[in-house]
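*Asks:* build me a structure from this.
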Amino acid sequence: MLPKSSHRVAEVIKLANQVAREYDLEYVGTEHLLLAIQREGTGVGAAVLTKRGITEGDLADAIEALAKKQLEETWVFGRLPGTPHFRNVMSIAVEQCQQLESREVSTEHLLLALLKEHGSVACNALKSLGVLYDDARAAVLQITSSD
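*Replies:* Residues are numbered from 1 along each chain as shown. Predicted structure coming up:
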């Protein structure tokens, strides 16, 4: 049985659509999802980034540098079409949720999924800021074990 998504994930997806619109884009990509995780600010995903001193501005700068180099095909997800990477991230987030034996998909699963989606703008932006999957997973485990 697939886990349900947390209310934060629903809010993050809504914010990702908003971020894409702010950039006058007609698709939602991993970069918008990443910015939305940090903008939402209350989830474990945002806590992992904040703990590393990464702000929304840092993410936006790294993404902007990368986004100019990469255009992706789109598919329809919700109100705006999402990139293929976006679709993969959502699937990987479910896998991460199951591996961590969580009851629902949360922002930490989205963050870990973004780090697993090699070649995406968000993954490359996180790597350029020094965020690696193993370190982020360890931080997630540390934060969630203290809850």
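
*Asks:* from the rest of the structure, what touches the strand or helix carrying residue 47?
*Replies:* For residue 47, the enclosing helix or strand under DSSP states H and E is helix 44-51. Helix 44-51 has contacts (CB atoms under 8 Å, 6 or more residues apart in numbering) with 12, 37-38, 40, 59, 106-111, 131, 136, 139-140, 143-144. Placement of C-beta: from N, CA and C, glycine included.

*Asks:* buried stuff in it?
*Replies:* 44, 45, 46, 47, 48, 49 (16 or more other CB atoms under 10 Å).

*Asks:* so which two of those are the farthest from each other?
*Replies:* Between any two of the buried residues of helix 44-51, the greatest separation by CB to CB is 9.9 Å, found for 44 and 49.

*Asks:* alpha carbons of the helix holding residue 47, in CSV - could you do that?
*Replies:* Extracted in CSV, the C-alpha atoms of helix 44-51 (Å, rounded to 0.1, in the frame of the first residue of the first chain):
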residue,chain,number,x,y,z
VAL,A,44,12.1,18.5,7.9
GLY,A,45,13.3,19.1,4.3
ALA,A,46,13.6,22.9,5.0
ALA,A,47,15.2,22.1,8.4
VAL,A,48,18.0,20.1,6.7
LEU,A,49,18.7,22.9,4.3
THR,A,50,18.5,25.6,7.0
LYS,A,51,20.8,23.6,9.2
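
*Asks:* find the least confident helix or strand in this protein, judged by mean pLDDT.
*Replies:* strand 75-77 (a mean of 44; mean pLDDT, DSSP states H and E).

*Asks:* out of the contacts of helix 44-51, which are buried?
*Replies:* 12, 37-38, 40, 59, 106-111, 131, 136, 139-140, 143.
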